[in-house]
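Novice: Quick check, what structure comes out for this input:
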Amino acid sequence: MHARTVLAGACAGLLTLTLAACGGSGSSTSDATSTPAASTASASASAPALTLVDGWAKSTDSMPAGSMSMTGVFGTLTNATDKDIQVTGGMSPAGSMVETHETVKNASGTMQMQKDLDGFTVPAGGTFVLAPGANHLMVMGLTQELKVGSEVTLTLDTDSGPVEVTASVRAFPGAQESYVPTPSPSQ
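Specialist: So this is what the prediction gives:
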């Protein structure tokens, strides 16, 4: 009987050591596998939902004298989320406000730019192109010159919260569009 008790005690001790070793190893393996996943989740959470790819702004150097009150910002808005993002305007240290502008035909049939009252929808997982002579962002009421080679920062108003983007300033003599006054909300 005594031998059985000693043998049972030894087996219990061995079993305890084995389980502890498995538990410790399981914890390490579990921690090692959850750490990269947690890091990936953190990186995804910190990645911006909306970016401006190849963003650029028209320099004030390329503008006719006396027209330095606004400038266009172009590039491709890219939505990395699984839901549409609505851009409705914004602000910039370079001007008094940022508006979304669209191209429309006027009464005489020529194309002109005006504020897009609804803003731009950047589709889930998709893009929205901003181009001269087409839809673009407009920095209004410029408070500083935008020199070739510098950068301009914009904070866009979106239905997902503010998004900061940066655009390089380039010379661009084209796209001397005409603009219609901003329509009143009743129109």
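Novice: State the distance from residue 52 to residue 74.
Specialist: Distance of residue 52 to residue 74, computed by C-beta to C-beta, to the nearest Å: 9 Å. Where C-beta positions appear, they are placed from N, C-alpha and C, glycine not excepted.
Novice: Give me the common contacts of the two.
Specialist: Listed as contacting both residue 52 and residue 74 by C-beta atoms under 8 Å, 6 or more residues apart in numbering are residue 167.
Novice: contacting residues around stretch 80-96?
Specialist: 47-51, 70-71, 77, 79, 97-100, 118-125, 128, 137, 139-144, 146, 152-160, 162.
Novice: At which residues are the strands of this structure located?
Specialist: Using DSSP state E, the strands of the chain run over 50-58, 70-79, 85-92, 95-105, 111-115, 120-122, 127-130, 136-140, 151-158, 163-170.
Novice: Among those strands, show the one with the smallest mean pLDDT.
Specialist: Taking the mean pLDDT of each of those, the lowest value is held by strand 111-115, a mean of 86.
Novice: and that strand with strand 70-79, angle?
Specialist: Counting by axes from the mean of the first three to the mean of the last three C-alpha atoms, to 10 degrees, strand 111-115 points 80 degrees away from the direction of strand 70-79.
Novice: mind listing what's buried in strand 111-115?
Specialist: Judged by neighbour count using 16 or more other C-beta atoms under 10 Å, the buried positions of strand 111-115 are 113-115.
Novice: Now render these as a markdown table, adding distance to residue 92.
Specialist: Output for the buried residues of strand 111-115, formatted as a markdown table (distance: C-beta to C-beta, whole Å):
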| residue | distance to residue 92 |
| --- | --- |
| 113 | 18 |
| 114 | 20 |
| 115 | 16 |
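Novice: Looking at those, which one is closest to residue 167?
Specialist: Closest approach to residue 167 among those (C-beta to C-beta): residue 113, at 17.8 Å.
Novice: quick one, which of the strands of the chain is packed in tightest?
Specialist: Mean neighbour count (mean count of other C-beta atoms under 10 Å) peaks for strand 136-140 among those, with a mean of 23.
Novice: Can you list the neighbours in contact with that strand?
Specialist: With C-beta under 8 Å, 6+ apart as the contact definition, strand 136-140 has outside contacts at 57, 69-74, 87, 90, 92, 94-101, 113, 115, 130, 152, 154, 156.
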